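Novice: build me a model from this:
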Amino acid sequence: MPQPEVELEEHKAGLATGSSQASVHKSEASATVDDISTPPIAGAQKAERSQASEPPASADFPEGGWAGWSTVFGAFLLQMCGFGYTGSYGVYQDFYTRVYLSNQTSSAISWIGSINGYLVISSGLVAGRLYDRGYFYHLLYGGSLLLAFSLFMLSLAKPGQYYQIFLSQGLGVGIGAGMMYIPSVAIVSQYFLKKRALAMTIVASGSSLGAVVHPIMLNNTLNDPEVGFALAARANAGVVAGLLLIACVLMRTRTTQLKQPPNLWASAKRFVRDGAYVFASVGMTVFAMGFYFPLFYLQLDALTHGLDKTFSFYSLVILNACSFLGRISPGFVANKLGVENITVVTTFVCAVLILGMIGLSSVASVVVIAVIYGFFSGTYIAMLAPLLTHLTDDMSEHGARMGIAFALAGFGTLTGPPIDGALLTGNYIWWRPSLFSGVSPPPPARLPSSRSLAHSVRAQLMAFLGFASFSTSIVLLRRRKMRRRAQEAAAADEKA
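Specialist: Predicted structure coming up:
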């Protein structure tokens, strides 16, 4: 009697086959409905974003080539003309305070440089979004034109006319340089993965070289009675315009960015839940409040302490020359030592050296502070872009992440130097701004009044808080890496 059992088994198999075929048809039908209900453009954007969120493979990057390295050199020139010019404001701070805007206070004059620095950094919030949308060339050409035009307009400013200098140098130059700052850094990530840290440090070193070239040129022309302010500013504008033209010719994009990147506010909500990114952004903001004090005031500090005038003019050059070395050197060791580790060490060293400006009184002390602070501050600036790139998982949000972080840091740049100038006063009380930007209380023999001491104690933690925020960010980043490794190991075990 085995035959009925065989027929029964065949009948069951037939039913199972029919059921599976029905389920296949049903899934195909549902897929067809999904395809019909999803607009083609939205589907393409979804596919692009899913591909962008996948970890990039090293084979997807040329790691150099003519287009890659020419783009790096072009970005280097942009940094030299943009942020490098901002880093040279110490020359103008000294010249305006003593000669050209002697009717204004140090705090009011420092607002020109701080607004410039704020716009250079914070414009990245808009420029980063436009870069993500594919408007790189619009930002490059428009920013170059505005920057060159504003510098030529600066040469028309008259002595004692604060608003003319503020509009041209503070607003015009700041917006023009800000349009190019984030895109010039972010575009490097299109060509490099393994060598990304090296390429970005080369780009960042351009601002240090600019902060060496501009002060030498300006100090030798602004203070020459035969040249004067107008001709000095015009000559400087001509050099910048020529370098920007070369950069515009060299730089090229490699990939087409998303025309409709993720919504900014939706992305911001995700960023807030990323603890490592949040603390890194807070660290950049707080640290920036003390970071620019030596850059803006070292030359004036040396002059008011009776040091040689020629040497004082070159104090800022020494600082920025060492900053150039500091920006270029970590690119060779960042992959081994870790970008995050280098960032934490440099913030701590810079905080201590800012405090050390209280004791500045001789040529030796100026040289020590300029050399050491220049090197470590340059390293810090060079590591910011690789650090933010390191914290970015979805490269379609790369520009937005950098833009938001630098926009927040811009508030520190905006408020720090004017507060330093207000604390300095017309009597040049140097320990007050050093305290605000540094980490510890003043010497007992020079204690201020109780009211000033209370203000200084509140302010003295700026650089130290920046160091603490970066340290917290690194701890959270390492925890995230450990969780990801555990998940990958668990997934591998399941496949096995």
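
Novice: need the contact list for residue 253.
Specialist: Contacts for residue 253 (Cβ atoms under 8 Å, 6 or more residues apart in numbering) come out as 136-137, 187, 190. For the C-beta atoms, the positions are set from N, CA and C on the backbone; glycine is no exception.

Novice: toward the C-terminus, what is the element adjacent to the helix or strand where residue 327 lies?
Specialist: Per DSSP states H and E, residue 327 falls inside helix 309-328. Following helix 309-328 in sequence order, the next helix or strand is helix 334-337 (DSSP H and E).

Novice: tell me which residues are up against that next one.
Specialist: 194, 197-198, 201, 330, 342, 383, 386.

Novice: now, among the residues you listed, which is nearest to residue 416?
Specialist: residue 383 (19.7 Å; Cβ to Cβ).

Novice: for the closest one, what are its contacts?
Specialist: Residues in contact with residue 383 (Cβ under 8 Å, 6+ apart) are 201, 330, 334, 339, 342-343, 346.

Novice: apply 6 Å and report the result again.
Specialist: Residue 383 sits next to 339, 342-343 when contact means Cβ atoms under 6 Å, 6 or more residues apart in numbering.

Novice: and those residues, which of them are buried?
Specialist: 339, 342-343 (16 or more other Cβ atoms under 10 Å).

Novice: for residue 209, state which of the residues you listed is nearest.
Specialist: For the buried ones among the contacts of residue 383, the nearest to residue 209 is residue 342 (20.5 Å; Cβ to Cβ).

Novice: one step back: which of the contacts of residue 253 are buried, as a PyMOL select command?
Specialist: For the buried members of these, the matching PyMOL selection, counting by 16+ other Cβ under 10 Å, is:
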select buried, resi 136+187+190
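
Novice: tabulate the contacts of residue 253 (CSV), appending distance to residue 163 and pLDDT.
Specialist: As requested, these are arranged in CSV below (distance: Cβ to Cβ, whole Å; pLDDT from 0 to 100):
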residue, distance to residue 163, pLDDT
136, 33, 90
137, 33, 93
187, 35, 89
190, 41, 85
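
Novice: pick the one among the contacts of residue 253 closest to residue 209.
Specialist: Out of these, the member with the shortest distance to residue 209 (by Cβ to Cβ) is residue 187, at 19.3 Å.

Novice: what about the contacts of residue 383, which are in helices?
Specialist: 339, 342-343 (DSSP state H).

Novice: of those, which one scores lowest on pLDDT?
Specialist: Checking pLDDT across the ones in helices among the contacts of residue 383, the minimum falls on residue 339 at 86.

Novice: residues near the closest residue to that one other than its chain neighbours, how many?
Specialist: Spatial nearest neighbour of residue 339, chain neighbours left out: residue 386 (4.7 Å); criterion: Cβ to Cβ, 6 or more residues apart in numbering. Using other Cβ atoms under 10 Å as the criterion, residue 386 is surrounded by 27 other residues.

Novice: what's near enough to touch residue 386?
Specialist: 197, 200, 339.

Novice: tell me which element the first one falls in.
Specialist: This means residue 197. helix 196-222.
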